[in-house]
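Peer 1: what's the 3D shape of this:
(one chain, ligands or ions: 1)
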Amino acid sequence: MKAVILMGSKSDLDYGKKVAEKLRFFGIDAVLRIASAHKTPAKALEIIDEYENEDVVFVTIAGRSNALSGFVDANTTRPVIASPPISEKFAGMDVLSSINMPSGVSPMLVLYAENAALAVAKIFAVKSEEVRKRIMEYQRAKKEEIYRADEEAKSL
Ligand SMILES: Nc1c(C(=O)O)ncn1[C@@H]1O[C@H](COP(=O)(O)O)[C@@H](O)[C@H]1O
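Peer 2: Below you'll find the model as predicted:
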């Protein structure tokens with residue numbers, strides 16, 4: 001049970017580390033890797049192949065023109081979560097390159113590091129009771145935040 005966090009560039013490292021940190025909360029190990037479908041397709045394929053016989057979920061992190069997510073998905077039987085970092089540039093239009101995939105290519109788009117980690121956890125929770133319990137704990141804490149915020153807001 002491991003997430004392979006594959007980034008298109010070293011510049012995505014902070015985002016990748018955030019995903020890894022959130023995954024730790026759910027009790028899931030992560031490995032951080034870098035390869036670009038645009039620039040180093042052979043290396044990207046090598047990395048994908050390394051994990052083909054392991055129980056992994058890929059998280060692909062690629063800004064600008066996201067070829068990486070579709071490329072990884074087309075070359076693995078494992079689930080792929082595409083989580084491109086959101087950019088303010090071009091009015092956030094970069095995200096469009098993560099949406100409309102060719103037939104037979106199905107990376108699942110989940111924006112934001114925390115949500116990507118949760119999506120990975122939910123995949124593993126299908127089989128792992130331990131991960132499922134941590135998701136329940138996480139969801140309870142999220143709900144409590146809102147109840148607390150409401151209490152604070154109404155006494156303002
Ligand atoms: N979207 C892709 C791909 C790809 O899809 O193959 N390779 C790099 N990138 C992204 O381009 C941005 C700038 O990359 P550089 O640092 O290489 O200029 C990064 O967010 C990276 O993930």
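
Peer 1: Which neighbouring elements make contact with the longest helix that the chain contains?
Peer 2: Criterion DSSP state H: the longest helix present in the chain is helix 129-154. Applying 3 or more C-beta pairs under 8 Å, 6 or more residues apart in numbering; DSSP states H and E, one finds that helix 129-154 contacts helix 113-125. The way it works is simple: take the backbone N, C-alpha and C, and place the C-beta from them, glycine included.

Peer 1: In the helix it packs on, which residues are buried?
Peer 2: Buried residues in helix 113-125, counting neighbours by 16 or more other C-beta atoms under 10 Å, are found at Ala113, Glu114, Ala116, Ala117, Leu118, Ala119, Val120, Ala121, Ile123, Phe124, Ala125.

Peer 1: For the closest residue to the third one other than its chain neighbours, which residues are in contact?
Peer 2: Meaning Ala116. In this structure, Ala116 finds its nearest non-sequential neighbour in Ser83, 3.8 Å apart by C-beta to C-beta, 6 or more residues apart in numbering. Going by C-beta atoms under 8 Å, 6 or more residues apart in numbering, Ser83 touches Tyr15, Val19, Val59, Thr60, Ile61, Leu109, Val110, Leu111, Tyr112, Ala113, Asn115, Ala116.
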